[in-house]
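1. only the shape, not the letters, is given here:
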């Protein structure tokens, strides 16, 4: 019981001190739902659900902040045509650089909005298809993320949309872009 009281006392002194720091570091992970979109009407687009994990830094400048991140992710989707499923599964390292604004900051709670580019570097390509060529998948691509987040003490929760700005697949049969919905739970370690 005495150890618990000491830990709570130390935590009560450390939490306000870390809230004042202009730099925050943390770990994050969560759920990614992604799909490939195309303008061709013969394909039905289906999303796939995967997970991501990585780290983030946040530099606070008043109500504005810059948040670079790096995490391992899975992206892709299924394109169906007449019962034939073409599956795209990419393992990527994503590096978003977000500019954000603290909309509401009351005590240990903050509501944030952010947006910015994300650079994706493909580390592994898996393609289950007879119609498409794996070599036509890009090795890296640029996308844009935007969303909202909430902080409570040392925890963060983010919900974001990601839209690819260029073609992920450029082949003779198809040009396709990546779209993702991302939910992350993070823990600030500094």
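-> That came through, no problem. A quick note: this is a predicted structure, and the numbers were derived from the prediction, not measured.
2. contacts and neighbour counts: CA atoms only from here.
-> Will do.
3. beyond the top strand by length along the chain, next helix or strand please.
-> Determined from DSSP state E, the single longest strand within the chain is strand 84-106. Downstream of strand 84-106, the next assigned helix or strand under DSSP states H and E is strand 109-128.
4. which elements pack onto that following strand?
-> On a contact count with 3 or more C-alpha pairs under 8 Å, 6 or more residues apart in numbering; DSSP states H and E, strand 109-128 meets strand 84-106, strand 140-152.
5. looking at those strands, which has the lowest confidence?
-> For the helices and strands packed on strand 109-128, mean pLDDT drops lowest on strand 84-106, to a mean of 92.
6. sheet-wise, list the partners of that one with their directions.
-> Using DSSP bridges, strand 84-106 pairs in its sheet with strand 64-81 (antiparallel), strand 109-128 (antiparallel).
7. relative to residue 176, which of the helices and strands packed on strand 109-128 is closest?
-> strand 84-106 (11.0 Å; C-alpha to C-alpha).
8. could you give the angle of the closest one to strand 140-152?
-> 40 degrees (axes from the mean of the first three to the mean of the last three C-alpha atoms, to 10 degrees).
9. my guess is residue 55 contacts residue 24, does it?
-> No: counting by C-alpha atoms under 8 Å, residue 55 sits too far from residue 24 to count as a contact (10.9 Å).
10. and the next helix or strand past the worst-scoring helix or strand of the chain on mean pLDDT?
-> For the chain, the helix or strand with the lowest mean confidence is helix 2-19, at a mean of 52 (criterion: mean pLDDT, DSSP states H and E). Later in the chain than helix 2-19, the nearest helix or strand by DSSP H and E is strand 23-38.
11. give me the contacts around the next helix or strand after that next one.
-> Downstream of strand 23-38, the next assigned helix or strand under DSSP H and E is strand 44-46. Strand 44-46 has contacts (C-alpha atoms under 8 Å, 6 or more residues apart in numbering) with 35, 36, 37, 38, 77, 78, 79, 80, 81.
12. let's see it at 6 Å
-> By C-alpha atoms under 6 Å, 6 or more residues apart in numbering, the list of residues contacting strand 44-46 from outside reads 77, 78, 79, 80.
13. so where's the protein shaky on pLDDT?
-> The chain contains residues with pLDDT under 70 at 1-21, 42, 171-174.
14. now, among the contacts of strand 44-46, which is nearest to residue 66?
-> Of the contacts of strand 44-46, the one sitting nearest to residue 66 (C-alpha to C-alpha) turns out to be residue 77, at 30.4 Å.
15. tally of neighbours for residue 118?
-> By other C-alpha atoms under 10 Å, 23 other residues sit near residue 118.
16. rewinding a little: now the contacts of strand 44-46 as a markdown table including distance to residue 128 and neighbour count?
-> Converted to a markdown table, the contacts of strand 44-46 look like this (distance: C-alpha to C-alpha, whole Å; neighbours: other C-alpha atoms under 10 Å):
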| residue | distance to residue 128 | neighbour count |
| --- | --- | --- |
| 77 | 11 | 25 |
| 78 | 9 | 24 |
| 79 | 11 | 22 |
| 80 | 12 | 15 |
